[in-house]
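> got a predicted structure plus its sequence, pasted below:
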Amino acid sequence: MVNLKLYVIKAEGGLFVFSNENIEVGINLVYDYKDYKVYRDSFNQLTTLVFDINFEDWYEKGFWDDRYICYSFLRDHEVIANVSVSKMDVVINGLKKKAIQIGTVITHPDFRGKGLSRALMNHVLEIYEQDCDIFFLFANSTAIDFYPKFGFESYGESQFKLEFIPTPIEKSTLRKLNCSNEEDLEFIKRMVASRRPISEQFGVSHNQGIFMFYAIKVFPESIFYSHEDEAIIVYQQEGHTLHLYDVVSQGDVNINRLLNHIATEQTESVHFHFTPDQFTEKAQYEPVDDNDDLLFIKANFFLDKISKFRVPMLAHA
């Protein structure tokens with residue numbers, strides 16, 4: 001095990017730079033450097049290399065906020081490994097919890113096998129373990145043996161599907177939101193900032209940065225506002241299946257009525273990408289697809305592994 005003992009050696013533009021006696025000489029650690037362009041550019045180069053993801057436009061639009069923090073190792077001022085935290089609130093079985101989602105766990109191919117990710121994970125967990133109730137993350141099949149070493153347990157999620165035949169009602173006045181328009185983006189951001197968690201079984205709030213990443217990078221053509229439902233709806237119709245990804249509102253929304261507003265004549269079923277509290281008794285459920293990332297949780301409270309839930313997709317870091 002690599003023990004991370006850090007010592008401040010200098011400050012650069014408000015950033016603390018550390019040295020570590022247990023990591024290879026010449027490797028230092030920086031954190032919370034989103035406004036420091038040299039390190040941010042290097043971080044983007046690494047994420048582009050490994051994940052084919054670049055965060056620069058997310059930053060430039062002002063959506064990389066103070067709730068997403070990178071902890072990175074540097075070598076010759078280049079980011080070679082990273083673990084990020086996303087601060088948010090979650091509701092689990094009706095109880096509000098302070099949460100940290102861990103993401104963007106990454107090491108440059110040339111520096112793997114040196115214990116860098118392990119050291120960063122230990123460092124992040126030590127920093128936040130007194131300030132949150134639950135850590136969670138998603139890992140692909142190549143990393144499922146890594147996270148239990150830090151006390152994480154795997155949890156099987158459920159995917160919920162509902163046979164649905166639309167009932168003829170007056171259609172909602174849907175307005176497609178344009179993610180290239182600053183006013184629409186600001187409207188989405190305000191709605192998400194004050195949203196009601198989509199589920200009392202597992203819902204998320206104060207995660208607007210992550211939501212806005214999905215808005216501009218993944219679903220820019222699939223975000224609508226329903227005046228009748230007073231809600232932002234993220235959905236796609238694929239063949240006979242309506243995929244409902246999120247419903248952002250300040251109050252309760254009648255999901256059955258909402259579905260009738262957005263379903264088409266082709267709709268035969270609805271696939272929920274969150275826990276649909278109003279339909280958990282009616283919907284069919286089965287384990288999430290084997291190709292999906294596996295959920296890992298480390299909590300300071302009991303969480304029933306038998307419970308059927310799904311972390312909202314648009315909250316995944």
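Happy to help now that I have it.
> any regions of this structure where pLDDT drops low?
1-25, 170-172 (pLDDT under 70).
> which helix or strand contains V270?
Counting by DSSP states H and E, the element that carries V270 is strand 269-272.
> mind giving me the packing neighbours of that strand?
Strand 269-272 is packed against strand 158-163, strand 241-248, with contacts defined by 3 or more C-beta pairs under 8 Å, 6 or more residues apart in numbering; DSSP states H and E. For the C-beta atoms, the positions are set from N, CA and C on the backbone; glycine is no exception.
> count the residues that sit near the residue nearest to V38 when sequence neighbours are not counted.
Residue nearest to V38 in three dimensions, not counting chain neighbours: H77, with 6.6 Å by C-beta to C-beta, 6 or more residues apart in numbering. Per other C-beta atoms under 10 Å, the neighbour tally for H77 reads 11.
> show me what contacts H77?
By C-beta atoms under 8 Å, 6 or more residues apart in numbering, the contact set of H77 is V38, Y39, S42.
> and the first one, which of the three is it?
Translated: V38. Put simply, V38 is helix when judged by DSSP: H, G, I helix; E, B strand; the rest coil.
> number of nearby residues for E281?
When neighbours are counted by other C-beta under 10 Å, E281 registers 6.
> for the residue nearest to H108 when sequence neighbours are not counted, what is the enclosing helix or strand?
Of all residues not flanking H108 in the chain, I80 sits nearest, at 4.5 Å (C-beta to C-beta, 6+ apart). Per DSSP H and E, I80 falls inside strand 78-92.
> which helices and strands does that strand pack with?
Counting contacts by 3+ C-beta pairs under 8 Å, 6+ apart, strand 78-92 is packed against helix 37-51, strand 68-75, strand 95-107, helix 116-128, strand 202-205, helix 208-217.
> between the ones you listed, which gets nearest to K308?
The closest of those to K308 is strand 202-205. By C-beta to C-beta, the value is 10.0 Å.
> which residues does that closest one contact?
For strand 202-205, the surrounding residues in contact (C-beta under 8 Å, 6+ apart) are 88-92, 99, 195-198, 274-275, 309-312, 315.
> okay then, goodbye and thanks.
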